[in-house]
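Student: This is a predicted model, with the sequence first.
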Amino acid sequence: MKLSARSNISPFIVMEVMAAAAAREAEGGDVLHLEVGQPSFSAPKGVLDAAHAALRENRIGYTLALGIPELRQRIAEHYATQYGQSVNPDRIVITTGSSAAFLLSFLALFDPGSRVAIASPGYPAYRNIMRVLNIEPVLIPCTAQTGFQPTPELLLRAAKDGRLDGLLVASPANPTGSMIGEEQFSALAAHCRAHDMALISDEIYHGITYGALAHTALQFDPEAVIINSFSKYFSMTGWRLGWMIVPEVVRRAVERIAQNLFISPPTLSQHAAVAAFDCHEELRRNAAVYAANRELLLRELPKAGISSFAPADGAFYLYADISHLTQDSEQFCRRMLNETGVAATPGVDFDPEYGHRFVRFSFAESTEIVAKAAARLKDWLA
C-alpha cells in the first residue's frame, strides 16, 4: 500500500523514549522518568468530584463544537482576574488538548506553502503538524544570547528567504523553560503587525514559573491567537482538553473545521474542567514541588558534571548542554537509560541542527524520583 508523502514526518522522539522505558520496565528493570512532561500529580480533587457528578447525571453526550458555555465563561473570568484582560467568551474555543488547537489554528490561518516562524529549539510537534499540512516551518535558531527566544532581528533575517506568514511563540517554552519579557513580547507583536504576520502564542505552561509571571500575548496584541491547555498547571494530561482564544474574524472558520474534524471536545473533561479554576490552592502547592525539584537539579547536576542550562524560568524542564560529554545526545540517552534507569529526552527532538549537544530533563516527577535520578547520574558520570 502506498503511503502519502505528508505521512513522512519525523517521529516524536520523546514518545519513543517512553516506549524504550516501558520495554525496560516490562523486563523488570526500574525507570526514573525524567523524559516526559507529565505532572506526577492527579487532577485536582474538585475536578475529580465534578467528573463523578457529571457521570452520575449522565451529562456526557455531544456538546457544541466550541465547547460548553460554562467552561468558556470560566476561562474568560480567568483572563480577567489573572491578566486583567477582558475576553468575550464567544472568542474562546475548547479543544481536544492543545494539539487540536494547533491543528485548528494552522488550518484556519495558513494555506499550503505558507511559511511560519518557530524558535529552535522548540516543541517538535509544531513543525511536524505544519509539515503534515504542507506548511513550511521556518526554524529560527535561538541561543542564550536571545534568551532562547526569537527577536525581530532574527525574523527579518529569516524573511530574506521568503515572506513569513506567521510566528508561533511559546512562553514558558518547551524544552528550554525560557520566557518572553514584556519589552521583547511588545516588540515581537509590533513586528507581526507591521509585516502582516499572524501571531500564535503557546501558553500551556502558564502558572508554572519561578520568579516573574508569564505574560499573555493578548496584553500586546488583541488579535493574537492564544493556545492553552489543562494538561500542565492543571495536571489533566489524559483528559485531553485545551482551549484557544481567537479573533472574532477567525472564530467561525475554526468552528467549521472543528465541527468536521472533532465534532466536539471530550464532554466529561469539559464538565470537570469548570471546577479546575476553583482549585488554585492545590495547584500552587503542586507548582511549589516543581520549584523544589528545579532547585534540586540545579544544585545536584553540576556535581555530575552537567552545569550549563537554558534559563528554566518556567515549565518543568532543564535543557542541558552536554557537548563536553558527547556529540550524540540520542546515544547518550540510550546509554543513560540502559545503564542507570534514568530516562531523558535527547535534544534532537527539539532542535534538528544543534540538539545532538543537548538533553532535556523533566522535573515534573516527585521530588523523591528526581533526587534518585540526580544521585544515579552523579555515580554514572563521576
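Tutor: Thanks, I have the structure now.

Student: make it CA atoms for all contacts and neighbour counts henceforth
Tutor: Will do.

Student: so which helix or strand takes in Glu330?
Tutor: Applying DSSP states H and E as the criterion places Glu330 in helix 329-340.

Student: do Ser105 as well
Tutor: Per DSSP H and E, Ser105 falls inside helix 97-109.

Student: Dump that helix to PDB, restricted to CA.
Tutor: Extracted in PDB, the C-alpha atoms of helix 97-109 (Å, rounded to 0.1, in the frame of the first residue of the first chain):
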ATOM      1  CA  GLY A  97      -5.900  19.200  24.100                       C
ATOM      2  CA  SER A  98      -3.600  21.900  22.800                       C
ATOM      3  CA  SER A  99      -2.700  19.600  19.900                       C
ATOM      4  CA  ALA A 100      -6.100  20.100  18.400                       C
ATOM      5  CA  ALA A 101      -5.700  23.800  19.000                       C
ATOM      6  CA  PHE A 102      -2.500  23.900  17.000                       C
ATOM      7  CA  LEU A 103      -4.100  22.000  14.200                       C
ATOM      8  CA  LEU A 104      -7.200  24.200  14.100                       C
ATOM      9  CA  SER A 105      -5.100  27.400  14.200                       C
ATOM     10  CA  PHE A 106      -2.800  26.300  11.400                       C
ATOM     11  CA  LEU A 107      -5.700  25.200   9.200                       C
ATOM     12  CA  ALA A 108      -7.700  28.400   9.800                       C
ATOM     13  CA  LEU A 109      -4.800  30.800   9.300                       C
END
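
Student: Check what contacts that helix and list those residues.
Tutor: For helix 97-109, the external contacting residues (CA atoms under 8 Å, 6 or more residues apart in numbering) are 95, 126, 129-130, 133, 198, 204, 225, 227-231, 239-244, 250, 253-254, 257-258.

Student: do you know how far Ile135 is from Arg193?
Tutor: 21 Å (CA to CA, to the nearest Å).

Student: Next, count neighbours for Gln82.
Tutor: Number of residues near Gln82 (other CA atoms under 10 Å) recorded here: 12.

Student: just Arg115 next, same as before
Tutor: The burial count assigned to Arg115 is 23, neighbours taken as other CA under 10 Å.

Student: Domains in this structure, by residue range?
Tutor: What automatic domain parsing lists as the domains of the chain is 5-43+280-381, 61-277.

Student: that older thread, neighbour count winner among Ile135 and Arg193?
Tutor: More crowded of Ile135 and Arg193, by other CA under 10 Å: Ile135, with 20 against 15.
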